[in-house]
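> how does the following fold in three dimensions:
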Amino acid sequence: MAETYPGFVATSWFALLAPPKTPALVVDKLYQAIAETLRMPDVGRRMHDLGATPGGSTPAATAAFLKAETERWRKVITEAGIKPE
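Below is the predicted model of the structure:
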């Protein structure tokens with residue numbers, strides 16, 4: 001990838017998503033519960049054992065990240081001329 005797109009970095013990530021129009025109170029409750037879980041020492045250790053780093057962005061930050069990732073990969077796909085089979 002770096003040969004074609006110098007400086008390009010690709011990482012793996014996971015996110016928990018809810019359906020569109022999920023009430024904000026439900027989203028916030030899920031966010032709080034997940035953030036609390038990710039702060040648990042045993043959860044952090046297990047994730048590190050699996051080679052992952054626990055995150056826990058806010059719903060707004062996650063939405064912004066997903067938007068940026070979509071645009072970034074759209075550009076790669078378009079410039080590379082990738083087509084679905």
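> how distant is the helix or strand containing H48 from the center of its chain?
Element membership for H48 (DSSP states H and E) is helix 41-49. Offset of helix 41-49 from its chain centre (CA atoms, centre = their mean, to the nearest Å): 18 Å.
> all helices of the protein, in order?
With DSSP state H as the criterion, the chain has helices at 24-38, 41-49, 59-80.
> still on that earlier bit, packing partners for the helix holding H48?
Applying 3 or more CB pairs under 8 Å, 6 or more residues apart in numbering; DSSP states H and E, we find helix 41-49 packed against helix 24-38. Quick note: C-beta positions are derived from backbone N, CA and C, even for glycine.
> quick one: residues in contact with the helix it packs on.
Outside helix 24-38, the residues within contact range by CB atoms under 8 Å, 6 or more residues apart in numbering are L16, A18, V43, G44, M47, P54, G55, G56, T58, P59.
> just the buried ones from these?
Among these, the ones that count as buried by 16 or more other CB atoms under 10 Å are P54, P59.
> contacting residues around the residue nearest to T62 when sequence neighbours are not counted?
Using CB to CB, 6 or more residues apart in numbering and skipping residues adjacent in sequence, the residue nearest T62 is A15, 5.6 Å away. A15 sits next to T62, F65, L66 when contact means CB under 8 Å, 6+ apart.
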